[in-house]
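[1] Take a look and give me a structure for this.
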Amino acid sequence: MELIELLPYYYQDNETMKELQSILSTKVNVLAADQNTTIDQNFINTATGLLSRYEKIFGLSIDVSKSNQFRRERIRAKIAGTGTTTKQMIENVARSYSNGEVQIIEDNANSRFTIKFIGTIGIPANMADLTLTIEEIKPAHLSFSFEYTYNTHGMLKAYTHGYLKQFTHKQLRESDITNGTNS
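    Numbers count the residues shown, from 1 in each chain. Model prediction:
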């Protein structure tokens, strides 16, 4: 913001006023930026410097070598996992790590459950940290495993070899290939 622009036109040629307003404009802009940064630190989705504080509050180990996005996901997962552990809670935590739909398959007779990723093709990122988070929130007597979704030969046979050759084997198994890009 340039404060000189807010003053009457006759100050536009006054060098003293222009210099004063320039100094004040710089101070106001710094203040506004600091205010926005302070507000951002109060919300997990935008915090950066205070992520360690949120990790401490929720009893998570602090690892500043991880990306801020990863740390935010872990904090949100911990929040979703606070309280009595339920099937829905585990589903919410797994969904927050995979960014896709999950299904919890209970096997009460064997004191175990399976987390099946149905909205994500392949193995989601951050599986090690999801495993740690599930270990923290699940009842100690239960064991668990993961089940992943992959593209099958039956799904791929609808495409020509010419179309499929643009993809690696890994992409054919673990990626959405319907849009024609090999990303």
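
[2] count of residues packed around K18?
    Using other Cβ atoms under 10 Å, K18 has 16 other residues around it. In this view, the C-beta of every residue, glycine as well, is placed from N, C-alpha and C.

[3] ugh, wrong one, G122
    16.

[4] same deal with Y150?
    Applying other Cβ under 10 Å, I find that Y150 has 12 neighbouring residues.

[5] For it, which residues are in contact?
    By Cβ atoms under 8 Å, 6 or more residues apart in numbering, Y150 lies in contact with I121, G122, R173, E174.

[6] Show residues contacting the host helix or strand of the third one.
    Remark: R173 resides in helix 169-174, with elements defined by DSSP states H and E. Contacting residues not belonging to helix 169-174 are listed as I121, G122, I123, Y150, N151, L156, L164, I177, N182 [Cβ under 8 Å, 6+ apart].

[7] Work out the gap between the helix or strand of the chain with the lowest mean pLDDT and the centre of the chain.
    Lowest mean confidence among the helices and strands of the chain (mean pLDDT, DSSP states H and E): helix 68-80, at a mean of 83. The chain centroid and the centroid of helix 68-80 are separated by 7 Å under Cα atoms, centre = their mean, to the nearest Å.

[8] try stretch 71-90
    13 Å.

[9] thinking again about what came up before, helix or strand right after the least confident helix or strand of the chain?
    Next along the chain from helix 68-80, counting by DSSP H and E, comes helix 87-98.

[10] Next, the angle from that following helix to helix 68-80.
    If you take axes from the mean of the first three to the mean of the last three Cα atoms, to 10 degrees, helix 87-98 sits at 180 degrees to helix 68-80.
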